[in-house]
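Asker: I'll drop the sequence and a predicted model, then ask my questions.
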Amino acid sequence: MSGLNLAGVTVRYDDLVAVSDVSLDLPAGDVLAVLGPSGCGKSTLLRAVAGLEPLAAGTVAYDGADLAGVPTHRRGFALMFQDGQLFGHLSVARNVGYALRLRRTPRAETATRVDELLELVGLGGYAERLPATLSGGERQRVALARALAVEPRMILLDEPLSALDATLRARLAGDLRDILSKAGTTALMVTHDHDEAFAVADRIAVMRAGRLIQDGEIGDVWQHPTDADTAYFLGYATVLTGDPADRMAVAAGLPAGQDVALRRSALVVDGAGPVAGVVLSASVTPEQLRLLVDVPGLGTQHAVAMLGSHVAPGDRVHLRIDRSRTAAVPRGAPAPPLP
């Protein structure tokens, strides 16, 4: 099957264009994360795919068939929202089996399917629990199991982990990836969290102001942001331009003539490193020592050192460059000042 195809999708609310001319493909069996800040149109795009928002222009197709005029409940898609929307008065098992009962699936078959799904999402033995007795992460697992119960050809996930605390969100993101992979389900997820997108998806699409800015495989987008704004949104801390970028490119062995994006941890204190500067400030985190370093020709840059390193403001340090924490960006976009 060819999966999902969007061609020129546009959604309007009177004079407001919420989604503008979005075209992208999602192969069957893959997971795509649509990434962007609040208000960029990503949730509206998901709702348009679901059939909950009318298109002003363009087409939504699955497996080569145009879905124009096909109502939401006949598209073969399942939806999962950030709050899970479980039925509080029903047990976990009855929540998961709800759609199967609506389809008049035989009781024994429903029970077997529910047990399989609860094992898949790591909730074996939870069948008789009520949602109120579960943690936030457990409720989201139940919601995912319910969405998978009818074996949808695609699942649509709207900020599925955003209501959870950071530690639980990180752990459940990895579990979500494993669950979707084992189920073999095509998935379209929208999120504002780039770490979550990288943990769950095969591909990402970056949206800004209603438009698709860039899409592709995770590694390609990560290593080659299309512009400085995209690099910042993906978590890069600095984008060097002009002569500083050329100097950094030489030191890092990157292609010349492009801007250079750096993560906060791209520069690492190392006595043999090719870049030198003077430490302006140092702060301790649970994982590393974070520095601001004045580097001649490059200006003030973020850097890191190992915990326990005896580095203090005023010290001269050498820095090596972690290539995996850098990216080449098409030249031309200015970098905002460091916070």
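Answerer: Good, I have the coordinates.
Asker: doesn't residue 58 make contact with residue 68?
Answerer: No - with contact defined as Cβ atoms under 8 Å, residue 68 does not count as touching residue 58 (9.7 Å). Using the backbone N, CA and C atoms, a C-beta is placed for each residue, glycine as well.
Asker: between those two, who's got more neighbours?
Answerer: Between residue 68 and residue 58, counting by other Cβ atoms under 10 Å, residue 58 is the more crowded of the two (18 against 12).
Asker: most centrally placed residue in this structure?
Answerer: By Cα atoms, centre = their mean, the chain has its centre lying nearest to residue 197, at 1.8 Å.
Asker: Surely that residue touches residue 35?
Answerer: Yes - using Cβ under 8 Å, residue 197 is in contact with residue 35, at 4.9 Å.
Asker: For the stretch 1-150 of the chain, which segments count as helices?
Answerer: For the stretch 1-150 of the chain, the helices defined by DSSP state H, counting those that start in this stretch occupy 42-50, 92-96, 98-102, 107-120, 136-148.
Asker: Any stretches of the stretch 201-339 of the chain with poor pLDDT?
Answerer: Applying pLDDT under 70 to the stretch 201-339 of the chain flags residues 332-339.
Asker: do that again at 80, thanks
Answerer: In the predicted model of the stretch 201-339 of the chain, residues 255, 332-339 satisfy pLDDT under 80.
Asker: Tell me the spacing between the closest residue to residue 4 other than its chain neighbours and residue 202.
Answerer: Nearest residue to residue 4 in three dimensions, chain neighbours excluded: residue 26, at 4.1 Å (Cβ to Cβ, 6 or more residues apart in numbering). According to Cβ to Cβ, to the nearest Å, residue 26 and residue 202 sit 9 Å apart.
Asker: Between the two, which contacts overlap?
Answerer: With contacts defined as Cβ atoms under 8 Å, 6 or more residues apart in numbering, the residues shared by residue 26 and residue 202 are residue 32.
Asker: Settle it for me: which of those two has more neighbours?
Answerer: Between residue 26 and residue 202, counted using other Cβ under 10 Å, the more crowded position is residue 26 (24 against 17).
Asker: which residues touch the more buried one?
Answerer: With contact taken as Cβ under 8 Å, 6+ apart, residue 26 is in contact with 3, 4, 5, 32, 154, 186, 188, 203.
Asker: please redo it, this time with the cut-off set to 6 Å
Answerer: 3, 4, 32 (Cβ atoms under 6 Å, 6 or more residues apart in numbering).
Asker: beta partners of the second one?
Answerer: Partner residues in beta bridges with residue 4: residue 26, residue 62, with DSSP bridges as the criterion.
Asker: any idea how far residue 67 is from it?
Answerer: 10 Å.
Asker: which one of those two has more residues nearby?
Answerer: residue 4 (24 against 21).
Asker: distance of that one from residue 213?
Answerer: Residue 4 is 19 Å from residue 213, by Cβ to Cβ.
Asker: just residue 116 next, same as before
Answerer: From residue 116 over to residue 213 (counting by Cβ to Cβ), the distance is 40 Å.
Asker: more neighbours, these two?
Answerer: Under the neighbour definition other Cβ under 10 Å, residue 116 and residue 213 were set side by side, and residue 213 has more, 19 against 14.
Asker: who are the neighbours in contact with the nearest residue to the more buried one once chain neighbours are set aside?
Answerer: Spatial nearest neighbour of residue 213, chain neighbours left out: residue 206 (4.7 Å); criterion: Cβ to Cβ, 6+ apart. Residues near residue 206 by Cβ under 6 Å, 6+ apart: 35, 213, 214, 230.
Asker: any idea which element the residue in the chain sticking out farthest from the centre lies in?
Answerer: What lies farthest from the middle of the chain is residue 314; by Cα atoms, centre = their mean that is 38.8 Å. For residue 314, there is no host helix or strand (DSSP states H and E).
Asker: And for residue 318?
Answerer: strand 316-321.
Asker: Which strands or helices does that strand pack on?
Answerer: For strand 316-321, the elements it packs on are strand 267-269, strand 275-284, judged by 3 or more Cβ pairs under 6 Å, 6 or more residues apart in numbering; DSSP states H and E.
Asker: How far does stretch 162-179 sit from its chain's centre?
Answerer: Its chain's C-alpha centre and that of stretch 162-179 lie 11 Å apart, by Cα atoms, centre = their mean, to the nearest Å.
Asker: Same question for the longest helix belonging to the chain: list its buried residues.
Answerer: Longest helix in the chain, counting residues (DSSP state H): helix 166-183. Under the neighbour-count criterion of 16 or more other Cβ atoms under 10 Å, helix 166-183 has 168, 169, 172, 173, 175, 176, 177, 179, 180, 183 buried.
Asker: Thank you, goodbye.
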